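Q: Quick one: sequence and predicted model below, then my questions.
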Amino acid sequence: MSEREVIVRVRGVHKYFSRGSERVDVLQDLNLDVPQGEFLALMGPSGSGKTTLLNLIAGLDTPSEGRVEVADQLISNMSEAQLATWRTRNVGFIFQFYHLLPVLTAYENVELPLLLLPMTAAQRKEQVLTALELVGLSGRLNHRPGQLSGGQQQRVGIARAIATDPTLIVADEPTGDLDSKSAEEILNLLGVLQKELDKTIIMVTHDPKAAERAGRTLHLEKGRLVHEQVRQAHSA
């Protein structure tokens, strides 16, 4: 474990649902620390709780019991409205199927989360152009998703995720819908975000090759952390 400042703290977290009279435990007594600037992969079979854990850390859901802190903010006690505001400022989301709006250009898709922040048009433009340049799409500003390859669409998704300069980037199967070459390019880009911008990245993946690019992999099974694997830094 790095000695850097811990940016995510999960303590005694349980998550369960009721199915009729039956209680279904998704996460059980889970504890986790994630240092600033770490690239962490979460793996496990379907139903192991990895996406649920990602959603709790990203403020998309709240635990049934326990505490979740991100950058010293106790998000597990926030209301839905507070969480929505907190996510806009602090979390960049990367999805498997991109979630781009087909009627908007690459520029407009990246600009979307910035419209929720108190910024001038000039400030938004600067951050959008910087994000698109970072992912290598300065020449595709006015292209709509249908005019882009899958890999390019995911790059737009990554630009959108980083445009707000978030505290945390969460990626749910970011290479799951890509061919191997595009997947490699996306993983290289995530590595750049971690190493050069010092971004903290938490990625859910089924792909061992994707997980190998993370500095640490946690394996979940039936709602518990069962195995941890730490790697030397990967040189992209």
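A: Yep, that arrived. Residues are numbered from 1 along each chain as shown.
Q: how about the spatially most central residue of the chain, what does it touch?
A: Geometric centre of the chain, nearest residue: V170, 0.8 Å, by Cα atoms, centre = their mean. By Cβ atoms under 8 Å, 6 or more residues apart in numbering, the residues touching V170 are 54, 57-58, 91-94, 201-203. From N, CA and C alone the C-beta is placed, and that goes for glycine too.
Q: Among those, which one sits closest to P174?
A: Of all these, P174 sits closest to I94, with 4.8 Å by Cβ to Cβ.
Q: so the residue nearest to the centre of the chain bridges to which residues?
A: Going by DSSP bridges, V170 is paired in beta bridges with F93, I202.
Q: Now do it against L190, distance only.
A: 11 Å (Cβ to Cβ, to the nearest Å).
Q: ditto for D165
A: Counting by Cβ to Cβ, the gap from D165 to L190 is 16 Å.
Q: quick one, which of these two is more surrounded?
A: L190 (24 against 13; other Cβ atoms under 10 Å).
Q: could you check the distance from the more buried one over to G92?
A: For L190 relative to G92 (Cβ to Cβ), the value is 11 Å.
Q: what touches both of the two?
A: Common neighbours of L190 and G92 (criterion: Cβ under 8 Å, 6+ apart): I169.
Q: can you list contacts of the lowest-mean-pLDDT helix or strand in the chain?
A: The weakest-scoring helix or strand in the chain, judged by mean pLDDT, DSSP states H and E, is strand 224-230 (a mean of 81). The contact list for strand 224-230 (Cβ under 8 Å, 6+ apart) reads 1, 27-32, 49, 215-220.
Q: any idea which of the residues you listed is closest to A71?
A: L32 (14.9 Å).
Q: Name every strand pairing with the helix or strand that contains that closest one and say which way it goes.
A: When elements are defined using DSSP states H and E, L32 is found to belong to strand 22-35. With DSSP bridges as the test, strand 22-35 is paired with strand 6-19 (antiparallel).
Q: quick one, the partner strand and strand 224-230 angle?
A: 150 degrees (axes from the mean of the first three to the mean of the last three Cα atoms, to 10 degrees).
Q: distance between the helix or strand just after the strand holding L32 and the chain's centre?
A: Per DSSP H and E, strand 22-35 leads on to strand 39-43 as the next helix or strand towards the C-terminus. On the basis of Cα atoms, centre = their mean, to the nearest Å, strand 39-43 sits 10 Å off its chain's mean C-alpha point.
Q: which other helices and strands contact strand 39-43?
A: Using 3 or more Cβ pairs under 8 Å, 6 or more residues apart in numbering; DSSP states H and E, the elements in contact with strand 39-43 are helix 50-57, helix 180-197, strand 200-204, helix 208-211, strand 216-221.
Q: quick check: angle from it to strand 200-204?
A: 20 degrees.
Q: Neighbours of Q147, how many?
A: 12.
Q: make that G20, sorry
A: Residues lying near G20 (other Cβ under 10 Å) number 6.
Q: Local confidence estimate at it?
A: If you check G20, the pLDDT there is 85.
Q: Repeat that for M1.
A: pLDDT at M1 comes out at 42.
Q: and if you look at G223?
A: Listed pLDDT for G223 reads 87.
Q: A236 too?
A: For A236, pLDDT reads 42.
Q: Show me where this protein dips below the pLDDT cut-off.
A: Applying pLDDT under 70 to the chain flags residues 1-2, 232-236.
Q: mind running it again at 50?
A: 1-2, 234-236 (pLDDT under 50).
Q: Spit out the contact partners of the nearest residue to L104 once chain neighbours are set aside.
A: Excluding the flanking residues, the one nearest L104 by Cβ to Cβ, 6 or more residues apart in numbering is R144, at 6.9 Å. Contact partners of R144, counting by Cβ under 8 Å, 6+ apart, are 102-106.
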